[in-house]
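Engineer: I would like to see how this sequence folds:
(one chain, ligands or ions: 2)
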Amino acid sequence: MSKKLLLKDAHIEGIRHYDVYRKQGGYDAVEKALAMTPDAIVEEVKTSGLRGRGGAGFPTGMKWSFLAKPEGIPRYLVVNADESEPGTFKDRYLMEFIPHLLIEGMIISSFALGANTAYIYIRGEYAWIPEILEQAIDEAKAAGFLGKNILGKGYDLEIYVQRGAGAYICGEETALLESLEGKRGNPRLKPPFPAVKGLWESPTVVNNVETIAAVVPIINITGAEYAKIGVGRSTGTKLISACGNINKPGVYEIDMTITVEEFIYSEEYCGGIPNGKKLKACIPGGSSVPIVPANLLLKTINGEPRYMNYESLADGGFATGTMMGSGGFIVLDEDQCIVKHTMSLAHFYAHESCGQCTPCREGTPWMYKILKNIETGKGTMADIDLLWDIQRKIEGNTICPLGDAAAWPVAAAIRHFRDEFEWHIDNPEALTRNYGLAGYADPIP
Ligand code: L3W
Ligand code: SF4
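Structural biologist: Ligands and ions are numbered 1, 2, ... in the order given. As a prediction, this is how the structure comes out:
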């Protein structure tokens, strides 16, 4: 049984509301934190080993300690709730069912960072959640945990909710800041990092929803105790949104010591694959990480079991960092067509590219077109090499990680499933029969 820190009270009726949340010990961590110094809170978060839960896994305490503190300039905390990564829906769950956990984490984090204004930038498609968050903010304010002179400690904080308008790129932290400033969400060149020059050119910490929520248990149980949960540099618990060909899709809290096999097949989590089908592959951390075939997913190249954590999901000869990504775990059974899935993802990235850099702007639709040709039986063998060449030229040559995120799924699909691409090219007629392409609707309008 995995230890639960974030979802432990999620099943309690009415936990969305202040009174019930408070009865479960909610806001105790704020009382504790406001009796500490801001630096002591930052140290506690450093000790916990907490890493960013949005995708990059960057150490949170380190990010906080990078925050510039020029005299007379305001600092901001911005919560990235623009959860748009295909397969990822864990932050939605947290905000929808336990909104006060996020608000409590924001109060502690803002106090630690010396911010008097904090924002939640939420994806526009989560249309019903801002109201839930705003109600939680109002309740916390009425109880004296927000506004002026919180708990009589002389600390002021206001939290605002800002809705996005449906662009995936606004989840990239600098595009998010541009959007929050009322501009088109184009990513900025880094450095300077937001910690030095962020919102309205002021020092800003941008953290994922789950990252900020995790600050609450860290203060409650101490950073040292939090660091004992998990393994190595994968400390604490992690929310995983599981979907695809599994019996029990949903949001699970894991302690990062379980194996991938346990996660997919045990009744506590995904409950196995329907209809006795075999596992073909998995995209373990949202669509921006490479697809991993079953043989590499259940065991590493050294034959060790693969664990659901940052380190174990990072090796295996891939060009990327961790494949834990945003925690969006997509399972594909033996009937799934890798070419079709890769085409669908390529369409997504082509559609979401902001167009600032040539390799991404031109390369993403080009990859989609080639994949569509292969998928619809019009590809040639030379197309596979061309695809490989295009993705190589995108990776590492763009302003923001969307370019890499578009390149990696294509690279991994060719690396691990080249025979499937070749089969499509060799068997166009069988392809039409198998996939019913007569009625196939082009996802590009
Ligand atoms: C100050 C330095 N700050 C790094 C900060 C930086 C950022 C964080 C991580 O992309 C990934 C992306 C997606 N001084 C610093 C510094 N920082 N050096 O640390 O930075 P970085 O550049 O490694 O990552 P990123 O730009 O934040 C995030 C991937 O996540 N992803 C999923 C994204 C989608 C969601 C979602 O829907 N919720 O998260 C999946 O893999 O591709 O590679 O804050 O400022 N010297
Ligand atoms: Fe825009 Fe793509 Fe360049 Fe990112 S990589 S800045 S999304 S064009």
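
Engineer: what's the weakest-modelled helix or strand in this protein?
Structural biologist: Ranked by mean pLDDT, DSSP states H and E, the weakest helix or strand in the chain is helix 428-435, scoring a mean of 66.

Engineer: I figured Glu83 hits Arg123, correct?
Structural biologist: Yes. Counting by CB atoms under 8 Å, Glu83 does reach Arg123; the two are 5.8 Å apart. (Glycine included, C-beta is placed from N, CA and C.)

Engineer: which neighbours do those two share?
Structural biologist: By CB atoms under 8 Å, 6 or more residues apart in numbering, Glu83 and Arg123 have these common neighbours: Gly171.

Engineer: Which one of the two is surrounded by more residues?
Structural biologist: Taking neighbours as other CB atoms under 10 Å, Glu83 and Arg123 compare with Glu83 leading, 26 against 22.

Engineer: Check the secondary structure at the more buried one for me.
Structural biologist: coil (DSSP: H, G, I helix; E, B strand; the rest coil).

Engineer: and the closest residue in space to it that isn't next to it in sequence, what does it touch?
Structural biologist: Nearest non-adjacent residue to Glu83, counting by CB to CB, 6 or more residues apart in numbering: Asp91, 4.3 Å away. Each residue near Asp91 by CB under 8 Å, 6+ apart is listed here: 81, 83, 208-210, 239.

Engineer: Show me the subset of those that also lies near ligand 1.
Structural biologist: Restricting those to those near ligand 1 by CB under 6 Å from any ligand atom leaves Glu83.

Engineer: Among the contacts of Asp91, which one sits closest to ligand 2?
Structural biologist: If you rank the contacts of Asp91 by distance to ligand 2 using CB to the nearest ligand atom, Glu83 comes first, at 17.3 Å.

Engineer: what's near enough to touch the closest one?
Structural biologist: For Glu83, the contact set (CB under 8 Å, 6+ apart) comprises 89-92, 123, 126, 171, 209, 326.

Engineer: Local confidence estimate at it?
Structural biologist: On pLDDT, Glu83 comes in at 98.

Engineer: Let the chain start at 306 from now.
Structural biologist: Right, with 306 as the first residue, what we last looked at is Glu388.

Engineer: helix/strand/coil for Asn512?
Structural biologist: strand.

Engineer: Number of residues surrounding it?
Structural biologist: Neighbour count of Asn512, defined by other CB under 10 Å: 27.

Engineer: Just confirm it contacts Tyr381, I think it does.
Structural biologist: No. The criterion here is CB under 8 Å, and Asn512 misses it with Tyr381 at 11.4 Å.

Engineer: ok, back up a step: in the contacts of Glu388, find the pair that's most separated.
Structural biologist: Put simply, by CB to CB the two of those set farthest apart are Tyr431 and Ser631, 15.0 Å from each other.

Engineer: which of the two has more neighbours?
Structural biologist: Taking other CB under 10 Å, Tyr431 and Ser631 do not tie; Ser631 has more neighbours (30 against 21).

Engineer: what's the distance between the residue nearest to Glu388 and ligand 1?
Structural biologist: Per CB to the nearest ligand atom, to the nearest Å, Asp396 is found 6 Å from ligand 1.

Engineer: What does the pLDDT read for that residue?
Structural biologist: Looking at Asp396, its pLDDT stands at 98.

Engineer: Name the SS class of it, please.
Structural biologist: With three-state DSSP as the basis, Asp396 sits in helix.

Engineer: thinking again about what came up before, let's see the PyMOL selection covering just the buried ones among the contacts of Asp396.
Structural biologist: Provided next is the PyMOL selection string for whichever of those are buried by 16 or more other CB atoms under 10 Å:
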select buried, resi 386+388+513+514+515+544
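
Engineer: Dump the contacts of Asp396 into JSON lines; add distance to Val347 as well.
Structural biologist: JSON lines is the format used below for those (distance: CB to CB, whole Å):
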{"residue": "Ala386", "distance to Val347": "23"}
{"residue": "Glu388", "distance to Val347": "26"}
{"residue": "Asn513", "distance to Val347": "18"}
{"residue": "Val514", "distance to Val347": "20"}
{"residue": "Glu515", "distance to Val347": "19"}
{"residue": "Leu544", "distance to Val347": "23"}
